[in-house]
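In: build the 3D model from these lines:
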Amino acid sequence: MPASDRVKRGLLAGLRSILLAIGTLSTNIALLVLFVVSVVLTVAGVGIFLVPLVAVGVRAVTDLHRRLLTEWTGVVIPRPYRQRPADAGLWRLYRWVVTDPATWRDLLWLVLSVQVVGLLLITPPALIASGVEGVLGVPVLLYFVMDWYGYGVFWPMDNLAKALASWPQGVGILAAGLTLTPYTLRWYAQFTQWFLAPTRAAALAQRVDRLTQTRTDTVDAQATELRRIERDLHDGAQARLVAVSMKLGLAEELMARDPEAAMRLMAQAREHSGLALAELRDLVRGIHPPVLAERGLDGAVRALAISAPLPVDADVDLPGRPPPPVESAAYFAVAEALTNIAKHSGASGARIRLSYRRDRILIEVSDDGRGGADPAAGSGLRGIERRLAAFDGTMSVASPPGGPTTVTMELPCELSSPRTSPSSATD
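Out: All right, here's what the predicted structure looks like:
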C-alpha cells in the first residue's frame, strides 16, 4: 500500500476512533445507570414499564455500534435478540427483555466498553496528535515564544535540546499512531463482536426461527404458484382444448352433409390447438425457462439483460453451474428485479453483477432511478426475499430517495463443474 494511502487510512481510523470514543463515553455510562435503576425499581412495579423502555435505548446504541463497526472494519456483528412476542403486553415485554441473554451481554458490554475505550480508541489517536504536534515544531515555537520555558499539549520541555528533539520523535510517534490506529479500531470491533454478536446457542435458535419462517413462506409461495398454474391452465389452455374438442365434434357431424363448414371448423380447431400449445409453452417457460436449461445461469442472465426494456449491462463470472433449483431461484430473482426497475424506478439504465465467492452466488442489481424501493411496500421485492429464503439466501436493498437503488442477493451453494462455452460444447 502506498505511503499516502496508509496515512489516509490511519487518519480516517483515528477520526472514527475518536467519534466512537465520544459516543461510547457519553451514552454507555448513562444507559448503564438507567438500566440498573430500572431493574432495581422492578420491586416497586415501575421497572416493569421502565426496563423495556431502557432496553430500546440500549439496543439502539448497540445496533449503531454493530452497523458502524461492520461498515468501518468489516467485522460483521449480527443482532442476537430473540423475536419480539406477538401479543406484546407489558408483562410479556418485560419478560422478553429480562430473559433474553443478549440483554445481559449488552449490559456487560456497557460496563467493559468504557474501560476498553481508553486503551483502543483514545490512545492511538492521541499518538497521532502528539506526533503531528512534534512534526510541526510546536514545542520549538513555544520554547522561543514563551521566554525559554513552554509546554505543548504533549511535549513539556525546559530546554532547547528537548524542544529540537520533538521533530524526530514526532515523526516516529506519528508513524506509530498511523500504523496502529486501524488495527486498534478492528480490535475494538472484535471486542464488541465478542459481546454483541449472537452466541452459538442464540445463532442456532435464530436459525431455527428463520428456517421455520422460511418453511412457512415457501409453503405459502408454492401454494400460490400452484393456484396460479391451475388458474392459467383453466382459463387458457384448458378452455382452448375444450373449444377444439367441441369444434371437432361439430365438424364430425357436418362432414357428411356440409363438408365446407366441417373444414372451416377443423381449421378453427387447428388454430385453437396452436394457441393452446403456445400457452402451454409459455406456462412451462414460466416454471423453468428453456434458456436456463440450455445455456445455464450465465447465458440466461445475459438473455434477460438483452430482452429488458431498458439498457442493462451484465457482468457475469461463474466458474461452474449451481444446482438447478438454486439456478432457477437466482434467475427468477434477477428477472423480478429487472421487472421492478422497468415498472417503478424510472431508470435510464441498470447493471447486473453476478459472481461466486466463498461458496455463495453474489448477485447485485442496480439502477440509476428515483430510489425509495422498500421490500415492506411490496413491488416484488418481498417475493424475491421469499424465493431466496427457501435456499437460505438473503437480500438487502439500498435505495435512498433520489437513487440509486442497489439490490444485493446471496445464495449459498456449491458449483458443479467448470462452465463450458457453447462453442467448445459442440466441438
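
In: contacts, neighbours, all on C-alpha from now
Out: OK.

In: residue ranges in the stretch 101-250 of the chain under the pLDDT threshold?
Out: Within the stretch 101-250 of the chain, the segments meeting pLDDT under 70 span 133-167, 170, 202-203, 205-226, 228-239.

In: strands of that one, start to end?
Out: 150-151, 156-157 (DSSP state E, counting those that start in this stretch).

In: what helix or strand is Asp313 located in?
Out: strand 312-317 (DSSP states H and E).

In: do Thr62 as well
Out: Thr62 belongs to helix 47-73, assigned by DSSP H and E.

In: now that helix: mean pLDDT?
Out: Mean pLDDT, helix 47-73: 89.

In: tell me what that helix is packed against?
Out: helix 3-40, helix 90-98, helix 101-117, helix 166-196 (3 or more CA pairs under 8 Å, 6 or more residues apart in numbering; DSSP states H and E).

In: nearest to Pro289, of those helices?
Out: helix 166-196 (43.7 Å; CA to CA).

In: which of the residues in the closest one are buried?
Out: Using 16 or more other CA atoms under 10 Å as the test for burial, helix 166-196 gives 166-167, 170-190, 192-193, 195-196.

In: what of stretch 371-388?
Out: Of all the residues in stretch 371-388, those buried under the rule 16+ other CA under 10 Å are 371-375, 379-381, 383-388.

In: from these, pick the one nearest Arg360.
Out: Leu388 (12.3 Å).

In: got the contact list for the closest one?
Out: The contact partners of Leu388, taken as CA atoms under 8 Å, 6 or more residues apart in numbering, are 329-330, 333, 394-395, 410-411.

In: would TSV of the helices and strands packed on helix 47-73 with distance to Trp72 be doable?
Out: Formatted as TSV, the helices and strands packed on helix 47-73 follow (distance: least, CA to CA, whole Å):
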stretch	distance to Trp72
helix 3-40	8
helix 90-98	29
helix 101-117	16
helix 166-196	8
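
In: ok now the strand holding Asp313, how far from the chain's centre?
Out: 20 Å (CA atoms, centre = their mean, to the nearest Å).

In: identify the bridge partners of Thr406.
Out: Judged by DSSP bridges, the bridge partners of Thr406 are Ser366, Ala398.

In: okay, now it: neighbour count?
Out: Per other CA atoms under 10 Å, the neighbour tally for Thr406 reads 22.

In: what does the model give it for pLDDT?
Out: Here the pLDDT value assigned to Thr406 is 89.

In: wait, it touches Val397, no?
Out: Yes. Look at Thr406 against Val397 with CA atoms under 8 Å: they come within range, at 5.9 Å.

In: got the angle for the helix holding Thr62 vs helix 3-40?
Out: With axes from the mean of the first three to the mean of the last three CA atoms, to 10 degrees defining the directions, helix 47-73 sits at 170 degrees from helix 3-40.

In: what's the angle from helix 47-73 to helix 101-117?
Out: Going by the same axes, to 10 degrees, helix 47-73 makes 60 degrees with helix 101-117.

In: buried sites along helix 47-73?
Out: 47-55, 58-59, 61-63, 65-70, 73.

In: so for Arg285, what's the pLDDT?
Out: With respect to pLDDT, Arg285 has a value of 57.

In: next one: Pro422
Out: 40.

In: over to Ser379?
Out: 57.

In: can you check the one 3 residues further on too?
Out: Here, the pLDDT recorded for Arg382 equals 78.

In: one more: the one 5 residues further on?
Out: Model confidence at Arg387, given as pLDDT, is 79.

In: number the chain from 20, please
Out: Sure thing, new numbering starts at 20, so read that last one as Arg406.

In: doesn't Tyr350 make contact with it?
Out: No. Using CA under 8 Å, Arg406 and Tyr350 do not qualify as a contacting pair, with a distance of 10.7 Å.

In: before we move on, back to that, now render the contacts of Leu407 as CSV, adding distance to Lys27 and secondary structure.
Out: Formatted as CSV, the contacts of Leu407 follow (distance: CA to CA, whole Å; DSSP: H, G, I helix; E, B strand; the rest coil):
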residue, distance to Lys27, secondary structure
Ala348, 42, helix
Ala349, 39, helix
Ala352, 39, helix
Thr413, 34, strand
Met414, 32, strand
Glu429, 32, strand
Leu430, 35, strand
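
In: which of those tops the neighbour count?
Out: When neighbours are counted by other CA under 10 Å, Ala349 leads those with 26 neighbours.

In: ok, that residue to Leu199 distance?
Out: With distances taken as CA to CA, to the nearest Å, Ala349 is found 42 Å from Leu199.

In: kindly report the same for Pro97.
Out: Pro97 is 26 Å from Leu199, by CA to CA.

In: how long is stretch 132-141 from one end to the other?
Out: 12 Å.

In: now swap in stretch 324-336 and tell me
Out: End-to-end span of stretch 324-336 (CA to CA): 15 Å.

In: check the offset of it from the chain's centre.
Out: 22 Å.

In: wait, Pro99 touches Ala216, no?
Out: Yes. Applying CA under 8 Å, one finds Pro99 in contact with Ala216, separated by 5.7 Å.

In: need the contact list for the nearest residue to Asn47 once chain neighbours are set aside.
Out: Take Asn47 and drop its neighbours on the chain: the residue closest to it by CA to CA, 6 or more residues apart in numbering is Leu129, 5.4 Å away. Neighbouring residues of Leu129 by CA under 8 Å, 6+ apart: 47-48, 50-51.
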